[in-house]
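Novice: structure of the sequence below:
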Amino acid sequence: TLCRQFEEKFAEKITERGHVLLTGCRSSLDKAIAEAAALWLERNGRVKDIRSRIISYKLKPDAPGHDIGRIQVSKRDDWSLSTPNLSLPEQIAEADVTVFVAGSEGTYFAANWARIGNKPILGVARFGGAGSVIFERERDEFSKKYSNLVSKEDFDMLNQYTNDVEQLAEDVLALCENLMILKNVFIVMSFKQEYDDLYDAFDTVCHDFDFDAVRTDQVTSLERITPRILEGIKRSAFVIADVTEKSLNVFYEIGFAEGVGRPVIITAKEGTELPFDIKDTPIVYWNTLKELKQKLQPIIGKVKMKLGKG
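Specialist: Next up is the predicted model:
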């Protein structure tokens, strides 16, 4: 069917672009997707990469649905949502982006796991079923979940009507890659006008490394500011926080960023008196904005390398 052709072509594209395919290891569909990815690797002389690039998970009590790539045993006995154990299925936990095509009840289960894990959720609407319903649900939440990462036009590629499965696979994968590569740097600082030049300095040095600096007061939205701040931090590649102007909000946002695992670069104008609990944290001190940009260049470069964007 056209749907199966798309799924196989999508698996090929994932492999061709150097990504890791994570799937279950239960159904004939799981097998077909893994076979398509393995075939691409074989045709391109990459047989040795099959085990590292195609990883499938089977439930503890089940026999595997195929033996292609590396088969991992899940720590779970089932992937339902009706148990007290809400640890994520490994293929969801390890994924950067989750993609859902057609399907029914089991697909909804998987999408709900992705929501629990705060993963990007892409429903391909072209083939109906759960994929279409999931697209509509995520489209309704676009402004909250995805608007700072991709354009609405790009997101709506999931809802295009086409029989060109190769182009559809390209479009869906491009959207996945945009969601995987976090481009925003969340700026935590005073909103006072006197600090606008400081923000411009952060914006300039971020752009030097292909990042976009985001400050909440410059985002047009009707949402309350606190949820926007917390969501912005969670969806950022890293955070730059200036503590020259001491503020409880700034320190709270630094703590939140560290709590959700975002790298934080802290800056302050030379001579700033800092609270005792961050005095041991590395601080980038600056006298002039030119000096600040020079000091930030190598630091952001290192962060970018660690994020895998170098």
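Novice: going by C-alpha atoms from here, please, whenever you check contacts or count neighbours.
Specialist: Will do.
Novice: angles on the backbone of residue 73, please.
Specialist: Dihedral angles of residue 73 (phi, psi; degrees, to the nearest 10) stand at phi -90, psi 120.
Novice: cool, and residue 67?
Specialist: Taking degrees, to the nearest 10 as the convention, residue 67 sits at phi -120, psi 30.
Novice: how about the strands in the stretch 1-150 of the chain?
Specialist: 21-24, 54-58, 70-73, 98-101, 121-124 (DSSP state E, counting those that start in this stretch).
Novice: okay, these in TSV with distance to residue 112 and mean neighbour count next?
Specialist: Output for the strands of the stretch 1-150 of the chain, formatted as TSV (distance: least, CA to CA, whole Å; neighbours: other CA atoms under 10 Å):
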stretch	distance to residue 112	mean neighbour count
strand 21-24	16	21
strand 54-58	18	23
strand 70-73	21	17
strand 98-101	11	21
strand 121-124	9	26
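Novice: export the ones you listed to TSV and tack on distance to residue 91 and mean pLDDT?
Specialist: Shown next, in TSV, are the strands of the stretch 1-150 of the chain (distance: least, CA to CA, whole Å; pLDDT from 0 to 100):
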stretch	distance to residue 91	mean pLDDT
strand 21-24	5	92
strand 54-58	7	95
strand 70-73	10	96
strand 98-101	9	95
strand 121-124	13	96
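Novice: need the nearest residue in space to residue 50, chain neighbours excluded.
Specialist: Leaving aside its chain neighbours, residue 50 sits nearest to residue 69 (5.2 Å; criterion: CA to CA, 6 or more residues apart in numbering).
Novice: next, the contact list for the one you found, please.
Specialist: 34, 38, 50, 51, 52, 53, 54, 55, 56 (CA atoms under 8 Å, 6 or more residues apart in numbering).
Novice: per-residue confidence at the third one?
Specialist: Reading off the confidence values, residue 50 has pLDDT 94.
Novice: that one is in contact with residue 38, isn't it?
Specialist: Yes - in this structure, residue 50 is within contact of residue 38 by CA atoms under 8 Å, at 6.1 Å.
Novice: between those two, what contacts are shared?
Specialist: The contact lists of residue 50 and residue 38 share 68, 69, where a contact means CA under 8 Å, 6+ apart.
Novice: between these two, which has more neighbouring residues?
Specialist: residue 38 (24 against 21; other CA atoms under 10 Å).
Novice: you'd agree that one is up against residue 55?
Specialist: No - here residue 38 does not reach residue 55: they are 10.9 Å apart, not a contact under CA under 8 Å.
Novice: report the helix or strand with the lowest average pLDDT across this structure.
Specialist: helix 225-234 (a mean of 76; mean pLDDT, DSSP states H and E).
Novice: and the residue nearest the centre of this protein?
Specialist: Central residue of the chain (CA atoms, centre = their mean): residue 180, 4.2 Å from the mean position.
Novice: residue contacts, the closest residue to it other than its chain neighbours?
Specialist: For residue 180, ignoring the flanking residues on the chain, the nearest one in space by CA to CA, 6+ apart is residue 96 at 5.8 Å. Residues near residue 96 by CA under 8 Å, 6+ apart: 119, 120, 180.
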